[in-house]
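Chemist: I'd like to go over a predicted model; first the sequence, then the structure.
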Amino acid sequence: NPPKITHELGDITLTCSGYNALYAEAVESALQGDFEALQTKLGFFDKERETTYGSTPESFILYDLECDSNLVIKDSLVYDPHFGYVWKSFEYYEFRYDTIQKIRRNGQVLDNCGLQCIELMPWVNIDACGNGYIKRTFKFIGECFSDVNGHHGDTLTRSQMIYIYPDCPISRSIFYLPKDTILQACNIEYATNASGQVGGEASPEYTGRGQLLFDYEICRQIGIGYYDKVFKILGGDQGCYKILRTWCFADWCAMGDAPQQKEWWFDPKYEGRYFSYVQKIIVQDTMPPACTILDLPAVVESSGCEYAINATVLVEDVCEEVQYAWKIQDTKTNSVVATGNSHLDLSLTDQFAVATPALPSGTYVLKVLLTDHCQNEGICEQKFEIVAGKKPAPICLSSVTVELNPWDTNGDGVIDTAIASIQAKDLDVSSAAACGSNDADLIFLIDNGNGTAALPEHDATSIEFGCDDVGQNTVRLYVLDPNGSWDYCSVLVRVQNNMG
């Protein structure tokens with residue numbers, strides 16, 4: 001009897017993702033001539049003799065993948081440019097594939113006198129969107145002889161169709177969506193392709209790129225792009241810029257055609273046919289600029305009454321541009337005597353000059369304030385004193401005569417010695433203060449005229465003479481200006497003893 005099909009090998013329907021994950025490799029092996037894996041996974045025909053007619057074909061399990069997702073609720077610490085770091089609760093769906101399975105049975109063919117079962121190369125026809133089919137063809141060749149003259153070729157042909165269809169319409173859950181990011185930088189740079197997209201450290205290479213989570217792109221034609229909107233943060237404590245990066249995701253298989261322009265998300269005909277996601281990127285800098293004041297000693301000696309300050313301020317900062325302001329303040333009156341402000345491009349120079357008109361003698365402080373793009377502030381200051389080189393003009397008596405006065409040192413009624421005292425201010429005639437200071441503020445000091453002239457202590461406002469000083473003596477009258485400069489003149493003092 002010729003071979004007889006008693007049980008057909010049924011057609012199969014698979015999702016594109018299921019086919020690529022579970023069966024594509026077996027089909028590829030079959031195309032290379034190895035059918036074992038394909039027959040194990042998708043069935044074959046069992047050969048039975050008529051004596052066992054009625055037996056059940058062997059079963060196999062057909063696996064497939066089905067789209068699903070889980071609701072995930074997560075608390076995350078996020079950065080708000082106005083309130084700093086705050087906790088926020090997020091809900092999103094996490095994509096997954098569920099594996100489903102069905103019990104299928106092999107086909108069955110009966111034969112009593114020998115049978116060859118041959119599977120031909122499969123025919124694969126699947127398009128770029130995951131639609132198509134695979135056709136398996138089987139030939140059954142009987143080996144019975146009809147008479148002594150030859151072989152009667154009883155041949156049967158059967159086919160199994162594996163239909164492939166797209167699965168999982170695109171949704172947020174099948175893509176990796178880049179997280180909000182904080183970058184430590186003080187500036188941004190744009191891409192060089194005139195796209196308006198932000199490059200450098202804020203490019204997707206560093207902040208994350210939207211991409212398909214599962215590598216089954218044969219099942220769909222995915223388009224992913226993005227565009228940036230940049231906002232300067234004004235008045236923020238640390239933030240410099242906020243970048244709103246809008247990611248756009250489309251499936252051209254579902255939309256019907258591929259885009260004709262690179263920035264397809266701006267094409268009105270695609271409006272509402274793709275979904276988008278906004279990634280927030282904060283560019284911030286927490287490092288304040290630093291400054292060092294150069295060429296300004298603690299004490300500045302002027303040859304005259306005034307001195308013009310010429311100092312240099314050295315600046316260090318990761319930002320290339322820094323705003324600066326400086327002021328010089330009189331420490332006694334707290335009045336501001338000089339100011340200046342501008343900006344500094346650190347790519348060109350790392351210092352700026354502080355120059356003032358001539359300042360009178362006194363104590364001052366130079367204060368410098370630096371501000372970078374991220375509103376970080378750096379402060380440096382230095383106190384200094386201007387000492388006028390011009391001295392006061394001492395004008396004193398040329399000579400004076402004093403009489404010794406008797407003194408009973410122990411109160412026993414017997415004169416023990418004699419003394420005379422001179423107040424320094426009594427030797428002044430018309431000394432003049434220097435550099436416009438008030439003459440009434442002059443301080444007068446005195447010494448015995450010995451040795452090199454040196455300003456005495458501030459309590460040396462008088463001098464005494466005794467019996468050993470009878471005769472001519474030379475004293476020095478020191479005139480001290482409020483600005484600290486001084487000079488002296490010499491006075492001849494005649495000491496007389498007329499007590500007999």
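Modeler: That came through fine.

Chemist: Going by C-alpha atoms from here, please, whenever you check contacts or count neighbours.
Modeler: Fine.

Chemist: Which residue is the nearest non-sequential neighbour of G33?
Modeler: M121 (7.2 Å; Cα to Cα, 6 or more residues apart in numbering).

Chemist: from what I can see, that neighbour looks like it's in a strand, true?
Modeler: No: with DSSP: H, G, I helix; E, B strand; the rest coil as the criterion, M121 is coil rather than part of a strand.

Chemist: right, and it touches A30 too?
Modeler: Yes: look at M121 against A30 with Cα atoms under 8 Å: they come within range, at 6.5 Å.

Chemist: picking up where we left off before, tell me how far the residue nearest to G33 lies from V27.
Modeler: 9 Å (Cα to Cα, to the nearest Å).

Chemist: Settle it for me: which of these two has more neighbours?
Modeler: Counted by other Cα atoms under 10 Å, M121 and V27 do not tie: V27 has more neighbours, with 26 against 17.

Chemist: Over to that one: give its phi and psi.
Modeler: When read as degrees, to the nearest 10, the backbone of V27 gives phi -60, psi -40.

Chemist: got the contact list for it?
Modeler: By Cα atoms under 8 Å, 6 or more residues apart in numbering, the contact set of V27 is 38, 122.

Chemist: And the pLDDT for it?
Modeler: pLDDT recorded at V27 is 97.

Chemist: same thing with E301?
Modeler: Looking at E301, its pLDDT stands at 85.

Chemist: got it, and D237?
Modeler: 55.

Chemist: try E58
Modeler: Value for E58, per-residue pLDDT: 92.

Chemist: Touching, it and D46? I think so.
Modeler: Yes: assessed by Cα under 8 Å, E58 is found in contact with D46 at 7.3 Å.

Chemist: what about the residue nearest to L183 when sequence neighbours are not counted, how many residues close to it?
Modeler: Residue nearest to L183 in three dimensions, not counting chain neighbours: V283, with 4.8 Å by Cα to Cα, 6+ apart. The tally of other residues near V283 (other Cα under 10 Å) stands at 24.

Chemist: Which strand or helix spans V283?
Modeler: strand 275-284 (DSSP states H and E).

Chemist: Pull out the buried positions in that strand.
Modeler: 276-284 (16 or more other Cα atoms under 10 Å).

Chemist: With just CA atoms, put the following helix or strand past that strand into CSV.
Modeler: Going down the chain from strand 275-284, the next helix or strand is strand 290-294, by DSSP H and E. Extracted C-alpha coordinates of strand 290-294, given in CSV (Å, rounded to 0.1, in the frame of the first residue of the first chain):
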residue,chain,number,x,y,z
ALA,A,290,39.7,82.0,44.1
CYS,A,291,41.8,85.1,44.1
THR,A,292,45.2,86.2,45.4
ILE,A,293,46.2,89.9,45.8
LEU,A,294,49.7,90.6,44.5
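
Chemist: May I see the buried residues of the next helix or strand after strand 290-294?
Modeler: The element immediately downstream of strand 290-294 (helix or strand, assigned by DSSP H and E) is strand 299-302. By neighbour count with 16+ other Cα under 10 Å, strand 299-302 contains the buried residues 300-302.
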